[in-house]
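J.: The following block contains a protein sequence and its predicted model.
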Amino acid sequence: MTREGLRIDVVGLTKMFGAFKAVDDLSFSVQPGVVTGFLGPNGAGKTTTLRCLLGLLAPTAGSATIGGHRYRDLPDPIGTVGAALEASSFHPGRTARAHLEVMALGAGIDPRRAGEMLAQVGLTEVADKRVGGYSLGMRQRLGLAAALLGDPPVLILDEPANGLDPAGIAWLREFLRALAREGRTVLISSHVLSEVQRTVDEVVVLARGRLVRQGRLADLDSGPRDVLVRTPEPAKLRDALAAASLTVTEDGSGRLRVGGGTTERVGHAAYVAGVELHELVAEASHLERTFLELTEGDRTP
Ligand SMILES: Nc1ncnc2c1ncn2[C@@H]1O[C@H](COP(=O)(O)OP(=O)(O)OP(=O)(O)O)[C@@H](O)[C@H]1O
């Protein structure tokens, strides 16, 4: 099945809360057919941007459109955009099935879709249990089922991996990638790069309300990585690495920093020279380091 997605365009978006600029002249676009990660530390302005996109907040300046329309001007919003902004906004006394059936009825959707969506997100067994007893991960799955109810070509999910265990994250990855392969536009936010790193094709990185980086993950996450290595015989290893035409410097924490090679090359050179290794890792990519630096500067409200 194909489900032609729509482009999302954020242009010069600014959102002030009183004198505080939560989003500052932000511009980016999101293409259909891929999963785009909207990344940034806590307080970066991700949720505010998504709320502007979904017509829940009025921008102070600029625009945020889906297929060229503001959300409120979309001819069929429920059938166009599926969104999950908060995992906990379900009535605790209702069952998951009741929630989705009520939503379906309100939106003119066949309530039998409720059961189908619960099956798709793996909640069939607990569909008739009250949501109040659900874990955060189960509520995330329910949010996803609700977002998919109208079979929308555009999906906007705020921190969907939050609360999922590693198996849940792996499941979410395949699920979202399959939706994108059908042609849909999939935008997911996260403040943890590693959570979505293997899920997204494109990234938009935000910090302090401003765009830091946008591009294909493959481009931003590539480039040469130094290899860090720890050994009780540093002098011997230095000689072995130099003989293998690798550049070696100290990294300041008792490890050697090796440029121009891979962990395989460094490991092999050490093996051939008979040098014992206690640690051998590739350094974080440029994107990972950028993200770490941004996270260290997390803005607390
Ligand atoms: N209604 C509001 N009134 C005042 N300040 C707000 C309001 N909503 C958000 N903010 C502030 O705007 C900044 C951006 O918040 P936002 O929730 O968009 O960030 P975020 O990137 O989604 O972070 P998180 O991952 O923590 O949700 C924060 O400093 C927040 O305190």
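T.: That came in fine, so what should we check first? Numbers count the residues shown, from 1 in each chain.
J.: Just the buried positions in the helix or strand that contains Ala170, please.
T.: Per DSSP states H and E, Ala170 falls inside helix 166-181. If you call a residue buried by 16 or more other CB atoms under 10 Å, then helix 166-181 has these buried ones: 168-169, 171-173, 175-177, 179-180. Yep, even glycine has a C-beta here, placed from its N, CA and C like the rest.
J.: for the stretch 201-301 of the chain, which spans come out with low pLDDT?
T.: For the stretch 201-301 of the chain, the stretches flagged by pLDDT under 70 are 297-301.
J.: can you give me the strands in it?
T.: 202-207, 210-216, 227-230, 247-250, 256-259, 279-282 (DSSP state E, counting those that start in this stretch).
J.: Save those as a markdown table, and put in mean neighbour count too.
T.: Listed next are the strands of the stretch 201-301 of the chain as a markdown table, based on neighbours: other CB atoms under 10 Å:
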| stretch | mean neighbour count |
| --- | --- |
| strand 202-207 | 24 |
| strand 210-216 | 16 |
| strand 227-230 | 21 |
| strand 247-250 | 14 |
| strand 256-259 | 20 |
| strand 279-282 | 14 |
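J.: In TSV: those, plus distance to Ala19.
T.: Below are the strands of the stretch 201-301 of the chain laid out as TSV (distance: least, CB to CB, whole Å):
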stretch	distance to Ala19
strand 202-207	20
strand 210-216	17
strand 227-230	44
strand 247-250	47
strand 256-259	45
strand 279-282	44
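J.: ok, the residue in the stretch 101-250 of the chain positioned nearest to the ligand - contacts?
T.: Nearest residue of the stretch 101-250 of the chain to the ligand: His191, at 4.5 Å (CB to the nearest ligand atom). His191 is in contact with 39-42, 44, 46, 159, 295, counting by CB atoms under 8 Å, 6 or more residues apart in numbering.
J.: and which of those is nearest Glu202?
T.: Closest approach between these and Glu202, by CB to CB: Leu39, at 10.5 Å.
J.: and that closest one, what is it in contact with?
T.: Applying CB under 8 Å, 6+ apart, the residues contacting Leu39 are 46, 189-191, 193, 196, 203-206, 291.
J.: Against Arg213, how distant is the residue nearest to it when sequence neighbours are not counted?
T.: Closest residue to Leu39 apart from its sequence neighbours, by CB to CB, 6 or more residues apart in numbering: Val205 at 4.9 Å. Look at Val205 and Arg213: by CB to CB, to the nearest Å, they are 4 Å apart.
J.: Ala64 now?
T.: Ala64 is 19 Å from Arg213, by CB to CB.
J.: Then Gly67?
T.: Gly67 is 25 Å from Arg213, by CB to CB.
J.: Just the pLDDT for Leu172.
T.: Model confidence at Leu172, expressed as pLDDT, equals 93.
J.: Please look at it and Glu159 and confirm they touch.
T.: No: between Leu172 and Glu159 there is no contact, the gap being 11.3 Å when judged by CB atoms under 8 Å.
J.: How far does the helix holding Ala170 sit from its chain's centre?
T.: Between the centre of helix 166-181 and the centre of its host chain there is 11 Å, according to CA atoms, centre = their mean, to the nearest Å.
J.: Right, I'll call it a day here.
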